[in-house]
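Engineer: just coords:
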């Protein structure tokens, strides 16, 4: 085994979620950071690495450090879309293994719902000038193009896509913090308005405000922390394209590379995974990701999620907070995947009927960013 | 009238938009590996060669994927429903475009270039749109 110093997630927290007109992106991140550090029993002075991603400042890491009153020795503003935070965990772990830092604070905030800025026309610069003038609503339109091609190649149906939304909602029913908690059926998904064919409104993630924070600490600090450390076992990240026009194959994501690589680095296999946290920006994202990760064969994602396999009580629970489809989705959702997987691996939900995944010890957390553009996979274990 | 996104033409994209103005869809061809390149750049993404020269595309291709858009933003909202497609040009590159004309298209259908202004706005730019290829 590697003699390198290990890293673990020792604190997680959300900010207020949903509609938060009383908060800015900075106050959301401060709120979540304070709660995540408090949970771990650490202080701001313990933090020597700061990680954030956003486009709300010319240099978000600097703006955030100033706001939090921190002068960290290690800064990382890597922005690869919604998978940035899984990448941050990987980068923080590498920095801890290398002895550069002891405690990393990873944060995110977004006020996109209150801002109502989504879709406002922006000047089409650089490679955007070859796509934006045609009027495709982004990102949903890009995912619709992937879904259409996927259904054409494999004969997958809208009903099979809808199962992903139904399963997410079944988990959301169990989560008091979820934005939507009323049960839905496949028929409800298909009856919701078409946004970009073949995707309906209920195939799409929410648009909410919200922030989160994750604290990662070196193993020599684990004795000081108040929580059960959740060990970062493996990580991988990649990109296949930026614009949807340049995606090599609309049915295969970067998960085909980062999934197997992260599992290999963790020294585990698919069969060892107790719990999945998979970015569900759209129902199609989940099916493509499960296939690319290698949990099922190409074209079989629909059958894989059928009959509640990933729903409460299923054999491979997935997105146990209700996901971006039903719990919250403030623009770049990746940090919430880490928060939920950590809580499950600590068995935080053991007193909530049906919510806790019994005996969950190994989780695969998988972020997708942009328009299926980047992926980052993290393998976490509770022991 | 809600805003249209303005196209910020730069040194690298100017030949493309100049081409549209004269009815031509311009790609690049790599002098080292012989492959077509789009959008234009100064190094070939296949071989990193620098001998890229402009070439006019035939203007024909095949639909790789398509979506009918029912909800769109800004000036595009009033154009719904409309069809956006990814088109594999016969030269071997893929581009996004709008499908124009009465005839709907399906994945795998042949399409042909039809430079079009979308919408009624006087500032709407001429764009390389495509229409279904008439089958004899």
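Structural biologist: Looks like it arrived, so ask away. All values reported here derive from a predicted model rather than from experimental measurement.
Engineer: Test my guess that residue A:51 contacts residue A:78.
Structural biologist: Yes - applying Cβ atoms under 8 Å, one finds residue A:51 in contact with residue A:78, separated by 7.5 Å. Where you see a C-beta, it was placed from the backbone N, CA and C, and this is true even at glycine.
Engineer: which ones are touching residue 62?
Structural biologist: All of this refers to chain A. Neighbouring residues of residue A:62 by Cβ atoms under 8 Å, 6 or more residues apart in numbering or on different chains: residue A:75.
Engineer: The chain in question should be chain B.
Structural biologist: B:87, B:88, B:90, B:108, B:109, B:110, B:111.
Engineer: Which strand residues bridge it?
Structural biologist: residue B:88, residue B:110 (DSSP bridges).
Engineer: what are the ranges of the helices in chain B?
Structural biologist: Remark: helices assigned in chain B by DSSP state H are B:14-21.
Engineer: same check, this time on the stretch 251-383 of chain A
Structural biologist: For the stretch 251-383 of chain A, the helices defined by DSSP state H, counting those that start in this stretch cover A:255-266, A:283-293, A:301-305, A:323-326, A:334-345.
Engineer: Mark out where each domain of chain A begins and ends.
Structural biologist: Taking automatic domain parsing as the criterion, chain A consists of the domains A:7-116+A:209-231, A:136-202+A:235-381.
Engineer: is chain B contacted by the last one?
Structural biologist: Just to be clear, that refers to domain A:136-202+A:235-381. Yes - Domain A:136-202+A:235-381 lies within reach of chain B by Cβ under 8 Å from any Cβ of the partner chain, at A:136-137, A:140-141, A:144-146, A:148-149, A:152, A:193-198, A:243-246, A:250.
Engineer: List the contacts of residue B:3.
Structural biologist: Shown in contact with residue B:3 (Cβ under 8 Å, 6+ apart): A:121, B:74, B:75.
Engineer: Please produce CSV containing those residues, extended by neighbour count and pLDDT.
Structural biologist: Supplementary listing: the contacts of residue B:3 in CSV, determined by neighbours: other Cβ atoms under 10 Å in any protein chain shown; pLDDT from 0 to 100:
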residue, neighbour count, pLDDT
A:121, 16, 75
B:74, 17, 90
B:75, 20, 91
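Engineer: Run through who's touching stretch B:121-133.
Structural biologist: The contact list for stretch B:121-133, computed with Cβ under 8 Å, 6+ apart, reads A:133-134, B:1, B:4, B:7, B:20-21, B:25, B:60-61, B:75, B:85, B:87, B:95, B:97-101, B:103-105, B:109-118.
Engineer: Surely residue B:66 and residue B:88 touch.
Structural biologist: No - taking contacts as Cβ under 8 Å, residue B:66 lies outside contact range of residue B:88: 12.0 Å.
Engineer: quick one, which of those two is more surrounded?
Structural biologist: In this view residue B:66 and residue B:88 are compared by other Cβ atoms under 10 Å in any protein chain shown, and residue B:66 has more residues nearby, 24 against 16.
Engineer: Run through the strands of the chain in chain order.
Structural biologist: Unless you meant another one, I'm taking chain A. In chain A, the strands defined using DSSP state E lie at A:7-14, A:49-52, A:74-76, A:103-110, A:194-196, A:199-200, A:210-218, A:230-239, A:275-278, A:362-369, A:374-381.
Engineer: You answered for a different chain; I wanted chain B.
Structural biologist: B:26-30, B:36-37, B:52-56, B:60-69, B:82-89, B:94-99, B:110-117, B:126-132.
Engineer: Between those strands, which one is closest to residue A:172.
Structural biologist: strand B:60-69 (27.1 Å; Cβ to Cβ).
Engineer: Okay, angle between that closest one and strand B:82-89 too, please.
Structural biologist: Angle of strand B:60-69 versus strand B:82-89, following axes from the mean of the first three to the mean of the last three Cα atoms, to 10 degrees, is 150 degrees.
Engineer: Now do strand B:60-69 against strand B:110-117, angle only.
Structural biologist: Counting by the same axes, to 10 degrees, strand B:60-69 lies at 70 degrees to strand B:110-117.
Engineer: For chain B, see how far away residue A:270 is.
Structural biologist: 29 Å (Cβ to the nearest Cβ, to the nearest Å).
Engineer: what's near enough to touch that residue?
Structural biologist: Applying Cβ under 8 Å, 6+ apart, the residues near residue A:270 are A:263, A:293, A:294, A:295.
Engineer: sorry, back to before: between the contacts of residue B:62, which sits nearest chain A?
Structural biologist: Relative to chain A, the closest of the contacts of residue B:62 is residue B:108; by Cβ to the nearest Cβ it sits at 8.0 Å.
Engineer: Residue B:63 is in contact with the closest one, correct?
Structural biologist: Yes - judged on Cβ under 8 Å, residue B:108 makes contact with residue B:63 at a distance of 6.3 Å.
Engineer: Counting neighbours, go ahead and name the busier of these two.
Structural biologist: Each of residue B:108 and residue B:63 has its neighbours counted (other Cβ under 10 Å); residue B:63 has more, 24 against 9.
Engineer: for the chain, which spans come out with low pLDDT?
Structural biologist: Let's take chain A. Along chain A, the model assigns pLDDT under 70 to residues A:1-3, A:117-120.
Engineer: wrong one, I was asking about chain B
Structural biologist: For chain B, the stretches flagged by pLDDT under 70 are B:1-2, B:136.
Engineer: now do 50
Structural biologist: The model of chain B has pLDDT under 50 over residues B:1.
Engineer: and it, what are its domains?
Structural biologist: B:7-56, B:58-136.
Engineer: how about the domains of chain A in JSON lines, adding distance to residue B:43?
Structural biologist: Formatted as JSON lines, these follow (distance: least, Cβ to Cβ, whole Å):
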{"stretch": "domain A:7-116+A:209-231", "distance to residue B:43": "22"}
{"stretch": "domain A:136-202+A:235-381", "distance to residue B:43": "15"}
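Engineer: Isn't residue A:274 up against residue A:347?
Structural biologist: No - at 11.4 Å, residue A:274 does not count as touching residue A:347 under the criterion of Cβ under 8 Å.
Engineer: and for these two, which residues touch both?
Structural biologist: Counting by Cβ under 8 Å, 6+ apart, the shared contacts of residue A:274 and residue A:347 are residue A:360.
Engineer: Run a quick neighbour tally on the nearest residue to residue A:214 once chain neighbours are set aside.
Structural biologist: Spatial nearest neighbour of residue A:214, chain neighbours left out: residue A:106 (4.4 Å); criterion: Cβ to Cβ, 6 or more residues apart in numbering or on different chains. A count of nearby residues for residue A:106, using other Cβ under 10 Å, gives 31.
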